[in-house]
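[1] requesting a structural model of the entry that follows:
(one chain, ligands or ions: 1)
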Amino acid sequence: MSPQLILLSASSITASLFAGTNITNIDTQEQIVCLTFDDGPNSGTKELLDLFKLEDVKATFFVKGKEVSKEPDICRKIIAEGHEIGNHTYTHPHLPELASIEAIREEIASTQSIIETTAQVTPTVFRAPYLNINDDVYTVLGELDLVSIHSNRHTQDWKPDITADEVFKLATESTQAGDIVLMHDWSPATREAMPRIIETLRAKGLRFVTVSEMLAQQTKQ
Ligand SMILES: [Zn+2]
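    This next block holds a predicted model:
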């Protein structure tokens, strides 16, 4: 079997294992945690990538297809620097409110395709805009071998008046091994809090891994 075929079958095994469900966190003995960022790529993504390079942190970016078309270089930089890209739809709609399953498929498949063309990778993880998902979305995710990723650490950094201190607290206070922290790269509060978030989670003994690396721990058990 060629290495590519092995890779393909591993991702579809992972996808079928988690079919029809959302991953919020993983039960693991490994001291690992996932930092995830939605809605890029944008200038905020770039700022975070510079910090992560300096701090040797790996993260996962759930990108919008429409933004990838505007910022292809940042999209490629995410992959070149060892991070993971997930699918966050093309235009960020409430998927269950779309008129048909075809419209849902178009949002997700077109984003897979622009990421493939731009960064030469096929995403295996997906996050629904507004974490809003239904059976039709699960059906499409199954067709495309995508796993739905939610979070158990919501920083609420999308709130316009949230402060860096509040984001820091929500991202770190109860965070433990196997957790998935949800943030947005466009949030100034998140970017301001990020050096402290990294320092504090590291002080708890946690390592930063991509979502797929964390899922691989679960499938091993
Ligand atoms: Zn979003």
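
[2] where do the helices of the protein begin and end?
    All helices of the chain, identified by DSSP state H, fall at 3-17, 43-55, 65-70, 72-80, 101-119, 135-143, 164-172, 188-203, 211-220.

[3] out of those helices, nearest to the ion?
    Taking C-beta to the ion, helix 65-70 is the member of the helices of the chain nearest to the ion, at 10.4 Å. From N, CA and C alone the C-beta is placed, and that goes for glycine too.

[4] can I assume E166 is in contact with A189?
    Yes - using C-beta atoms under 8 Å, E166 is in contact with A189, at 7.2 Å.

[5] rewinding a little: output the helices of the chain as TSV; include the columns mean neighbour count, mean pLDDT and distance to the ion.
    Supplementary listing: the helices of the chain in TSV, determined by neighbours: other C-beta atoms under 10 Å; pLDDT from 0 to 100; distance: least, C-beta to the ion, whole Å:
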stretch	mean neighbour count	mean pLDDT	distance to the ion
helix 3-17	13	62	21
helix 43-55	16	98	13
helix 65-70	18	98	10
helix 72-80	18	98	16
helix 101-119	18	98	12
helix 135-143	17	96	14
helix 164-172	20	98	16
helix 188-203	18	98	13
helix 211-220	17	87	15
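
[6] I23 is nearest to which of these?
    Across the helices of the chain, the minimum distance to I23, taken as C-beta to C-beta, is reached by helix 211-220, at 7.0 Å.

[7] using CSV, list the CA coordinates for that closest one.
    Taking C-alpha atoms only, helix 211-220 is exported to CSV below (Å, rounded to 0.1, in the frame of the first residue of the first chain):
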residue,chain,number,x,y,z
VAL,A,211,-6.8,18.4,16.9
SER,A,212,-5.8,15.5,14.7
GLU,A,213,-2.9,14.6,17.0
MET,A,214,-5.3,14.6,19.9
LEU,A,215,-7.8,12.4,18.0
ALA,A,216,-5.1,10.0,17.3
GLN,A,217,-4.6,9.5,21.0
GLN,A,218,-8.3,8.6,21.4
THR,A,219,-8.2,6.1,18.5
LYS,A,220,-5.2,4.4,20.1
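
[8] what's in contact with it?
    By C-beta atoms under 8 Å, 6 or more residues apart in numbering, the list of residues contacting helix 211-220 from outside reads 13-14, 17-18, 23, 26-28, 30, 32, 34, 36, 58, 60, 84, 86, 124-125, 147, 149, 178, 180.
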